[in-house]
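Engineer: Sequence first, then the predicted structure, then my questions.
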Amino acid sequence: MMKPIYLLVFLFMSFLGSVQAAKTDSAAPDCMLGSLENTQSFNLQRFKGKVVYVDFWASWCGPCMQSFPFMNTLAHDFKDEGLQVLGINLDENIEDTRTFLQNTPAEFIVATNSTGQCAKDFGVQAMPTSYLVDRKGVIRHVHYGFRPNEAKEFRLLVEQLLAEPLR
């Protein structure tokens, strides 16, 4: 008989194997998202025509905390050029999210996806996972985790997408 912990690991690994991650050069899933205040819901189509940096994160994720200053800088530096930074929180407890944001403020839109369906549609397998979506709604880059030494390279990718004409 399998011990409970091994059964959980087996089930989790089976789930990961069945998830189809959103791939580069494919259309970004059109997820329904909520706001932290639960006052509005919206979908990703709202940002069509902009370059969108979609970042899936959670309050318990150490690298997520490190990524927020980088995303704040991107949002500030490229807002007028057509970049929208969107952080999609995956916490089950909204109070954990609020506490995180009090300590690590976001200067970009933070959305919720309480069902987790958006993360499933994107095929998120690590925290954080970031997707760069071009102005036509096509995923152009996927990045797992956050390492400060890679921020400069990712910033260049954002600049390249912003320089592309909308056809």
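Structural biologist: In hand now; what should we look at?
Engineer: contacts and neighbour counts: CA atoms only from here.
Structural biologist: OK.
Engineer: For stretch 154-167, buried residues please.
Structural biologist: In terms of neighbour count (16 or more other Cα atoms under 10 Å), stretch 154-167 has its buried residues at 158-159, 161-162.
Engineer: Same question for stretch 83-92.
Structural biologist: In stretch 83-92, the ones that count as buried by 16+ other Cα under 10 Å are 83-91.
Engineer: Please apply the same query to stretch 65-84.
Structural biologist: Taking 16+ other Cα under 10 Å as the criterion, stretch 65-84 shows 65, 67-68, 70-71, 74-75, 78, 82-84 as buried.
Engineer: Contacts only, for Glu81.
Structural biologist: With contact taken as Cα atoms under 8 Å, 6 or more residues apart in numbering, Glu81 is in contact with Leu162.
Engineer: Tell me the confidence at it?
Structural biologist: At Glu81, the predicted lDDT confidence score is 95.
Engineer: got the residue ranges for the strands in this structure?
Structural biologist: For the chain, the strands identified by DSSP state E occupy 32-35, 41-43, 51-57, 83-89, 109-112, 129-133, 139-144, in order along the chain.
Engineer: Only C-alpha atoms, please: export the fifth one in CSV.
Structural biologist: Backbone C-alpha positions of strand 109-112 (Å, rounded to 0.1, in the frame of the first residue of the first chain) are rendered in CSV as follows:
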residue,chain,number,x,y,z
ILE,A,109,-2.8,45.7,-11.9
VAL,A,110,-3.1,42.8,-9.5
ALA,A,111,-5.9,40.4,-10.4
THR,A,112,-7.2,37.3,-8.7
